[in-house]
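A.B. asks: can you look at this prediction? I've put the sequence above it.
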Amino acid sequence: MTKFSANLGFLWTELSLPDAIHAAKASGFAAVECHWPYDVAASEVKAALDETGLPMLGLNTWRGDMANGDFGLSAVPGREDEARAAIDEAIAYAVAIKAQNIHVMAGNAQGEDARQAFVENLTHACDQGERHDVMILIEPINQFDAPDYFLRNCEQAVEIIEAVGSDHLKLMFDCYHAGRTEGDVIGVLNTVFPFIGHIQFASVPDRGEPDYGDVDFKHVFSEIGRLGWTKPLGAEYKPAGGTDEGLGWMRKLG
């Protein structure tokens with residue numbers, strides 16, 4: 001049976017993060033993950049995780065100043081100090097709540113200088129991740145949603161992973177982004193599977209519940225299982241209505 005992780009960056013956003021963790025447990029999720037939990041005391045999140053028994057699979061590094069166009073910092077030349085401070089903040093929070101992974105957000109930049117900054121900042125992240133037993137993830141984001149984002153597809157992500165050369169760096173494979181950018185979700189999944197550290201999903205093209213749209217997720221989840229993946233899959237979708245009202249897909253696809 002496929003297990004699922006609730007991404008609380010999109011699900012139950014009307015609740016506090018600790019209450020959303022409890023809601024995920026009550027709805028049958030096997031794990032949780034989040035985006036930017038830093039406004040909530042780590043002790044409160046840890047208490048909710050302990051009370052529910054759910055693992056926190058991951059969180060993101062701080063995205064920066066969104067009003068000025070930031071969407072991550074680690075591939076932005078000249079902002080290495082800010083990027084590494086964001087990485088260190090994420091590591092400390094992850095350790096405090098026993099989160100398994102950190103997604104290091106690349107940011108809006110292009111070119112060789114951006115690539116070099118990203119590789120160097122990821123090397124720092126991997127050194128810290130190894131020290132604290134936290135896996136580092138990078139995620140390609142489609143150009144429809146984030147046209148200026150540095151990391152655009154899985155081939156580029158694999159090249160970066162190989163350039164860094166750390167066992168503590170993996171790919172966060174989001175079926176939604178792959179479907180929007182690369183089309184053949186299962187084909188790409190098979191190609192990059194050895195590099196994957198976490199898998200997420202949402203309907204293509206509108207990022208809603210996964211039981212409709214251009215991608216047959218029953219088939220995708222079956223293929224993921226055939227490949228030997230046993231960890232929870234991240235439900236990172238935007239509910240069409242209330243989160244609870246849209247959870248019928250879990251019975252259909254799980």
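C.D. replies: Yep, that arrived.

A.B. asks: OK, contacts around Gln100?
C.D. replies: Pro55, Met56, Leu57, Gly58, Ala94, Val134, Met135 (C-beta atoms under 8 Å, 6 or more residues apart in numbering). Placement of C-beta: from N, CA and C, glycine included.

A.B. asks: ditto for Ala117
C.D. replies: Ala117 neighbours (C-beta under 8 Å, 6+ apart): Ser74, Ala75, Val76, Pro77, Arg79, Glu80, Ala83, Ala109.

A.B. asks: on that earlier part again, could the contacts of Gln100 go into CSV alongside neighbour count and secondary structure?
C.D. replies: Formatted as CSV, the contacts of Gln100 follow (neighbours: other C-beta atoms under 10 Å; DSSP: H, G, I helix; E, B strand; the rest coil):
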residue, neighbour count, secondary structure
Pro55, 18, coil
Met56, 24, strand
Leu57, 25, coil
Gly58, 27, strand
Ala94, 24, helix
Val134, 22, coil
Met135, 22, strand
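
A.B. asks: got those as CSV, with pLDDT columns?
C.D. replies: Output for the contacts of Gln100, formatted as CSV (pLDDT from 0 to 100):
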residue, pLDDT
Pro55, 98
Met56, 98
Leu57, 98
Gly58, 98
Ala94, 98
Val134, 98
Met135, 98
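
A.B. asks: so which of those residues comes closest to Pro18?
C.D. replies: Met56 (11.6 Å; C-beta to C-beta).

A.B. asks: apart from its neighbours in sequence, what residue is nearest the closest one?
C.D. replies: Ala99 (4.3 Å; C-beta to C-beta, 6 or more residues apart in numbering).

A.B. asks: quick one: residues contacting that neighbour.
C.D. replies: Met56, Leu57, Gly58, Leu59, Tyr93, Val134.

A.B. asks: including distance to Val204, could those go into a markdown table?
C.D. replies: Shown next, in a markdown table, are the contacts of Ala99 (distance: C-beta to C-beta, whole Å):
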| residue | distance to Val204 |
| --- | --- |
| Met56 | 27 |
| Leu57 | 22 |
| Gly58 | 22 |
| Leu59 | 25 |
| Tyr93 | 31 |
| Val134 | 30 |
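
A.B. asks: just the buried positions in stretch 106-117, please.
C.D. replies: Of the residues in stretch 106-117, Ala106, Gly107, Asn108, Ala109, Ala114, Arg115, Ala117 count as buried by neighbour count, 16 or more other C-beta atoms under 10 Å.

A.B. asks: from those, which two are the most distant?
C.D. replies: The widest separation within those (C-beta to C-beta) is 13.8 Å, between Asn108 and Arg115.

A.B. asks: what touches both of those two?
C.D. replies: Common neighbours of Asn108 and Arg115 (C-beta under 8 Å, 6+ apart) are Phe150.

A.B. asks: remind me what the lowest-mean-pLDDT helix or strand in the chain packs against, helices and strands.
C.D. replies: The least trusted helix or strand in the chain, going by mean pLDDT, DSSP states H and E, turns out to be helix 248-253, with a mean of 95. The helices and strands touching helix 248-253, judged by 3 or more C-beta pairs under 8 Å, 6 or more residues apart in numbering; DSSP states H and E, are helix 217-226.

A.B. asks: ok, Gly158 - contacts?
C.D. replies: Careful, residue 158 is Val and not Gly. Leu171, Val192, Phe195.

A.B. asks: against Ile138, how distant is it?
C.D. replies: 10 Å (C-beta to C-beta, to the nearest Å).

A.B. asks: joint contacts of the two?
C.D. replies: Contacts common to Val158 and Ile138, judged by C-beta under 8 Å, 6+ apart, are Leu171.

A.B. asks: give me the three-state assignment for the closest residue to Val164 other than its chain neighbours.
C.D. replies: Leaving out its chain neighbours, the residue that sits closest to Val164 by C-beta to C-beta, 6+ apart is Leu122, at 4.9 Å. Following DSSP: H, G, I helix; E, B strand; the rest coil, we place Leu122 in the helix state.

A.B. asks: Leu122 - how many residues pack around it?
C.D. replies: 26 (other C-beta atoms under 10 Å).
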